[in-house]
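Asker: What follows is a predicted structure for the sequence shown.
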Amino acid sequence: MLPATNHTLEKLEILLKTAGYKVRYEKGNFKTGACLLLNSRLIIVNRFSNLESKILALFELLRDLDVDIKLLDDKQTAFLQDIKQTKLQL
């Protein structure tokens with residue numbers, strides 16, 4: 001699993017931004033840490049969640065999203081593949 005640091009959160013946000021998604025932090029009655037609005041490529045994260053919950057929410061969304069790796073650089077592609085492989089290890 002990823003360390004719960006601001007750097008990890010930034011890496012996830014940059015990866016999503018490069019893949020064409022917008023990440024916004026909003027308040028509200030969220031049952032989970034984040035949600036993906038269909039067809040808009042917008043991810044809403046509960047801004048009142050703690051750092052670990054934010055990272056976990058983005059991590060889980062990235063595992064399930066179909067990201068075009070042509071948009072990513074080599075480091076981001078390797079990072080995304082590490083994220084996707086954790087699904088196989090569960």
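Answerer: Alright, I've got the coordinates. These numbers come from a predicted model, not from an experiment.
Asker: Excluding covalently adjacent residues, which one is nearest to the residue nearest the centre of the chain?
Answerer: Central residue of the chain (Cα atoms, centre = their mean): residue 58, 2.7 Å from the mean position. Spatial nearest neighbour of residue 58, chain neighbours left out: residue 12 (4.3 Å); criterion: Cβ to Cβ, 6 or more residues apart in numbering. The way it works is simple: take the backbone N, C-alpha and C, and place the C-beta from them, glycine included.
Asker: Pull the residues that contact the longest helix anywhere in the chain.
Answerer: Determined from DSSP state H, the single longest helix within the chain is helix 74-89. In this structure, residues lying in contact with helix 74-89 by Cβ atoms under 8 Å, 6 or more residues apart in numbering are 1, 11, 14-15, 18, 59, 62-63, 67, 69, 72.
Asker: circling back to that earlier point, please state the mean pLDDT value computed over whatever helix or strand the residue nearest to residue 58 lives in.
Answerer: Assigned by DSSP states H and E, residue 12 belongs to helix 6-18. Average pLDDT, helix 6-18: 94.
Asker: what secondary structure does the residue lying farthest from the centre of the chain sit in?
Answerer: Distance from the centre of the chain peaks at residue 29, with 19.6 Å (Cα atoms, centre = their mean). On the three-state scheme (DSSP: H, G, I helix; E, B strand; the rest coil), residue 29 is labelled coil.
Asker: Residue 52 versus that one, what's the distance?
Answerer: Using Cβ to Cβ, to the nearest Å, residue 29 is found at 20 Å from residue 52.
Asker: Now stretch 80-87: buried residues?
Answerer: By neighbour count on 16 or more other Cβ atoms under 10 Å, the buried set for stretch 80-87 is 80, 83.
Asker: Stretch 53-71 now?
Answerer: 53-62, 65, 67.
Asker: about what we covered before: quick one, the longest helix of the chain and helix 6-18 angle?
Answerer: 100 degrees (axes from the mean of the first three to the mean of the last three Cα atoms, to 10 degrees).
Asker: Could the C-alpha coordinates of helix 74-89 be exported in PDB?
Answerer: Presented in PDB, the C-alpha positions along helix 74-89 are these (Å, rounded to 0.1, in the frame of the first residue of the first chain):
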ATOM      1  CA  ASP A  74       7.000   6.400 -18.200                       C
ATOM      2  CA  LYS A  75       7.000   7.000 -14.400                       C
ATOM      3  CA  GLN A  76       3.300   7.600 -14.400                       C
ATOM      4  CA  THR A  77       2.700   4.400 -16.400                       C
ATOM      5  CA  ALA A  78       4.800   2.400 -14.000                       C
ATOM      6  CA  PHE A  79       3.000   3.900 -11.000                       C
ATOM      7  CA  LEU A  80      -0.400   3.200 -12.600                       C
ATOM      8  CA  GLN A  81       0.600  -0.400 -13.300                       C
ATOM      9  CA  ASP A  82       1.600  -0.800  -9.700                       C
ATOM     10  CA  ILE A  83      -1.800   0.400  -8.600                       C
ATOM     11  CA  LYS A  84      -3.600  -1.900 -11.000                       C
ATOM     12  CA  GLN A  85      -1.600  -4.900  -9.900                       C
ATOM     13  CA  THR A  86      -2.700  -4.500  -6.300                       C
ATOM     14  CA  LYS A  87      -6.100  -5.600  -7.400                       C
ATOM     15  CA  LEU A  88      -4.700  -9.000  -8.400                       C
ATOM     16  CA  GLN A  89      -3.000  -9.400  -5.000                       C
END
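Asker: Kind regards, and thank you for your time.
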